[in-house]
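1. generate a structure from the sequence data that follows.
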Amino acid sequence: MKKTTVKKNSKPDLSVFGGALLKGNARIARPLSTKKPVHMVMKSKLAKGERAFTKTKIAKQIDEVVKKLATENNIKLQRFANGGDHLHFVMNISSRKSFNIFLRAVSGLIARITLGAERGSPVDKQFWDHKPYTKILESSEDIKAVSSIMNQRKPEATGFIN
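-> Below you'll find the model as predicted:
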């Protein structure tokens, strides 16, 4: 087995945050950019079988909620893909505050839609596996890599949103 080494002076990638990378509570703020696109992934192990994000009724509701909340919070969705148990977003945000409002609302509403829960009657399950993974897309190579990942999900992908 090959042993990996870490350079003493190497700096962590400050354009990436969340997901399985995050162990415990965050000690730094989520890096965001209002000038460059941001890739976000939200994943849930509970979204399988009848609760899969790709089920026709659930997929339609998720698509409507995402578009509506993006518009309300001045977020330009460049791309959105539904992977069955995870969702990919590529977006341009106008401010950290609007992104946080969008993130809270989208994560809560998608969980409610998928679990069939009503407002005010919580389900005693943690729906999302991790905090959402985000990465600032710094270069055209980053954008191409994310596009290829999202294109692999072509049958269930919503694609570009105009």
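2. so where's the chain uncertain?
-> 1-28, 153-162 (pLDDT under 70).
3. the strands in it, which residues?
-> 16-17, 38-43, 76-82, 86-92, 133-136, 157-160 (DSSP state E).
4. reformat these as TSV; add mean neighbour count and distance to Met150.
-> In this view, the C-beta of every residue, glycine as well, is placed from N, C-alpha and C. Listed next are those as TSV, based on neighbours: other C-beta atoms under 10 Å; distance: least, C-beta to C-beta, whole Å:
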stretch	mean neighbour count	distance to Met150
strand 16-17	18	17
strand 38-43	22	9
strand 76-82	19	4
strand 86-92	21	5
strand 133-136	20	13
strand 157-160	14	6
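5. format those as CSV; extra columns: distance to Gly120.
-> As requested, these are arranged in CSV below (distance: least, C-beta to C-beta, whole Å):
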stretch, distance to Gly120
strand 16-17, 31
strand 38-43, 23
strand 76-82, 27
strand 86-92, 25
strand 133-136, 30
strand 157-160, 30
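6. which of these sits closest to Ala117?
-> Evaluated over the strands of the chain, closeness to Ala117 peaks at strand 38-43, with 16.9 Å, by C-beta to C-beta.
7. which residues does that closest one contact?
-> 19, 32, 85-93, 99, 103, 106-107, 110, 128-130, 132-137, 142, 146 (C-beta atoms under 8 Å, 6 or more residues apart in numbering).
8. what residue is smack in the middle of this structure?
-> Centrality entry for the chain: nearest residue to the mean C-alpha point is Val41, 2.8 Å, by C-alpha atoms, centre = their mean.
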